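> Predicted model follows, preceded by the sequence.
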Amino acid sequence: MKIALNIYKYLPVKGGGEGYLSNFADQLAERGHEVHIFASEWENNNSRLHYHSIPVIRYPKFLKDVSFAINSWRKMSGSGFDIVHVVGRALGMNVFNPHCGVEKAWLKQDILSVSCPFYRFLKQITRFFSLRQNFILWLDRKQYTDKGVSRIIAISDMIKNDIIERYNIDHQKIRVVYNGVDLQKFTPDNRNKYRKAVREKLSLGEEFVILYISNNFRLKGLLTLIKALGELKKLRNDFKALIIGRGRDSSYHKIAKKLNCLENLIFLGHVNEIEKYYAASDIYVHPTFYDSCSLVVTESLASGLPVITTRYDGASGVIDNGIEGFVMGNPMDYEALAEKISLFFDDEFREKVSIAARVKAEKYPAEKNCEEILEIYNEVVAESNEDIILSSRS
């Protein structure tokens with residue numbers, strides 16, 4: 001098949017959606033498909049892929065989104081692609097795979113993640129009058145309701161439910177395909193390779209280590225985690241939390257200091273070889289307000305880490321409460337989070353959940369993800385061919 005993949009930035013080293021799409025594109029190419037990448041920026045990390053530049057007007061931000069959507073449609077149309085697969089904000093696709101989820105659902109949760117009522121109100125007002133936000137909402141509706149879209153691939157059951165609830169889309173048009181994970185890269189065996197060295201590098205001994213990864217500290221619930229650590233600190237001091245990702249951390253330093261747990265936090269910023277930090281940790285905590293299907297959750301499970309996340313993370317759909325970890329109802333409930341974290345200080349319980357986490361992750365290999373999407377591609381192509389035959393007969 002001749003396949004077009006569209007994303008705003010194709011930068012595999014960033015991880016997240018970019019990392020996922022890079023791995024997916026490589027697998028398609030390995031299976032003999034002709035794969036074209038359409039993006040405003042890219043890293044050419046595979047000679048078997050064909051790269052196409054999408055010009056964008058970068059300022060103001062409103063025009064960045066408009067220009068990318070329009071120019072993507074212009075570049076990809078009329079090129080004889082069997083599949084045009086869009087994962088972000090573009091038009092002209094027959095397969096829509098919204099990795100950021102449903103804009104209306106995200107917007108609601110993003111505003112709720114603002115802790116100060118006054119600033120929350122200001123954010124609501126500015127979003128209401130924002131040209132960019134209103135364009136994105138229009139585009140979001142257009143993408144889901146476009147008759148040219150044959151299939152919508154939701155990356156979690158949560159996203160499927162959001163789509164149906166917000167846009168009343170026929171559920172038969174939607175397929176759920178959870179993100180796959182590289183089971184060789186992310187494995188409990190990494191503990192034997194990296195755990196001791198990483199802990200020594202961070203001046204850690206045998207402390208209980210909590211891992212948190214995000215490039216959006218506010219939305220992904222870092223404040224809730226710090227408040228939970230403040231509660232834990234009242235009872236014990238034998239733990240550390242590794243905070244990985246880019247973000248403005250000065251305000252979180254102040255809050256942690258006020259709660260007497262700053263010495264228990266290690267802010268690492270961006271790191272390479274993230275699998276080594278999974279290996280150095282004991283549990284992964286992700287008290288997010290919204291995540292379509294967090295890759296760090298599936299990577300943690302594959303690495304044998306128990307996970308605590310919230311029901312607003314699509315990846316919670318693969319976690320059975322109390323088996324591979326816990327799913328919280330309220331991302332602001334720091335007391336409940338502290339209680340759940342404290343359970344994993346029990347070595348026997350943590351080991352039991354760790355084993356279950358890896359077993360669950362093995363149900364979601366990256367290869368399975370690719371095969372399931374290829375089945376959807378084949379459905380789309382078959383239906384398109386039927387339409388051509390019917391059209392020629394009429």
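Great, that's in hand.
> for the top helix by length along the chain, packing partners?
Scanning the chain for the longest helix, with DSSP state H as the assignment, gives helix 366-393. Packing contacts for helix 366-393, counted by 3 or more C-beta pairs under 8 Å, 6 or more residues apart in numbering; DSSP states H and E, involve helix 16-30, strand 83-86, strand 95-96, strand 151-154. Using the backbone N, CA and C atoms, a C-beta is placed for each residue, glycine as well.
> Quick check: mean pLDDT of it?
Across helix 366-393, the average pLDDT comes to 82.
> quick one: buried residues of that helix?
Residues of helix 366-393 classed as buried by neighbour count (16 or more other C-beta atoms under 10 Å): 366, 369, 370, 373, 374, 376, 377, 380.
> what's the burial count for residue 191?
Neighbour count of residue 191, defined by other C-beta atoms under 10 Å: 17.
> Then the one 4 residues further on?
Per other C-beta under 10 Å, the neighbour tally for residue 195 reads 18.
> pretty sure it is in a helix, no?
Yes: assessed by DSSP: H, G, I helix; E, B strand; the rest coil, residue 195 belongs to a helix.
> I figured it was touching residue 282, is that so?
No: proximity of residue 195 to residue 282 does not meet the contact threshold set by C-beta atoms under 8 Å, at 10.0 Å.
> Please pull up the helix or strand immediately following the helix or strand containing residue 199.
For residue 199, the element it lies in under DSSP states H and E is helix 196-201. Sequence order places strand 208-213 as the next helix or strand after helix 196-201, per DSSP H and E.
> That following strand pairs with which strands, and in what direction?
Next to strand 208-213 in the sheet, as set by DSSP bridges, lie strand 239-244 (parallel), strand 283-286 (parallel).
> ok, residues contacting that strand?
199, 220, 222, 225, 229, 238-245, 274, 277-278, 280-286, 296, 300, 305, 341, 344-345 (C-beta atoms under 8 Å, 6 or more residues apart in numbering).
> same thing but at 7 Å, please
222, 225, 238-245, 277-278, 280-285, 296, 341, 345 (C-beta atoms under 7 Å, 6 or more residues apart in numbering).
> For it, C-alpha coordinates in PDB please.
Extracted in PDB, the C-alpha atoms of strand 208-213 (Å, rounded to 0.1, in the frame of the first residue of the first chain):
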ATOM      1  CA  PHE A 208      11.700   3.600  47.700                       C
ATOM      2  CA  VAL A 209      11.700   5.400  44.300                       C
ATOM      3  CA  ILE A 210       8.600   6.900  42.700                       C
ATOM      4  CA  LEU A 211       8.800   7.900  39.000                       C
ATOM      5  CA  TYR A 212       6.900  10.700  37.300                       C
ATOM      6  CA  ILE A 213       7.400  11.700  33.700                       C
END
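> could you give me the average pLDDT of it?
Strand 208-213 comes out at a mean pLDDT of 98.
> ok, back up a step: return the most buried member of the strands paired with strand 208-213.
For these, the largest average neighbour count (mean count of other C-beta atoms under 10 Å) is found in strand 283-286, namely a mean of 26.
> quick one: secondary structure of the residue nearest to residue 235 when sequence neighbours are not counted?
Computed as C-beta to C-beta, 6 or more residues apart in numbering, the closest residue to residue 235 that is not its neighbour in sequence is residue 342, at 7.4 Å. The assignment at residue 342 comes out as helix when based on three-state DSSP.
> so residue 342 sits right up against residue 232, yeah?
Yes: here residue 342 lies in contact with residue 232, judged by C-beta atoms under 7 Å, at a distance of 6.5 Å.
> More neighbours: which of the two?
The residue with more neighbours, out of residue 342 and residue 232, is residue 232; 22 against 16, by other C-beta under 10 Å.
> Tell me if I'm right that the more buried one and residue 339 touch.
No: using C-beta under 7 Å, residue 232 is not in contact with residue 339; the gap is 9.5 Å.
> How many neighbouring residues does the spatially closest residue to residue 233 that is not a sequence neighbour have?
Closest residue in space to residue 233, ignoring its immediate chain neighbours: residue 261 at 4.5 Å, by C-beta to C-beta, 6+ apart. Residues lying near residue 261 (other C-beta under 10 Å) number 22.
> any idea which element residue 169 lies in?
Assessed by DSSP H and E, residue 169 sits outside every helix and strand.
> Now do the same contact list for it.
Counting by C-beta under 7 Å, 6+ apart, residue 169 touches 144, 152, 163.
> so can I have a markdown table of the residues you listed showing distance to residue 115 and neighbour count?
Shown next, in a markdown table, are the contacts of residue 169 (distance: C-beta to C-beta, whole Å; neighbours: other C-beta atoms under 10 Å):
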| residue | distance to residue 115 | neighbour count |
| --- | --- | --- |
| 144 | 31 | 21 |
| 152 | 34 | 25 |
| 163 | 29 | 22 |
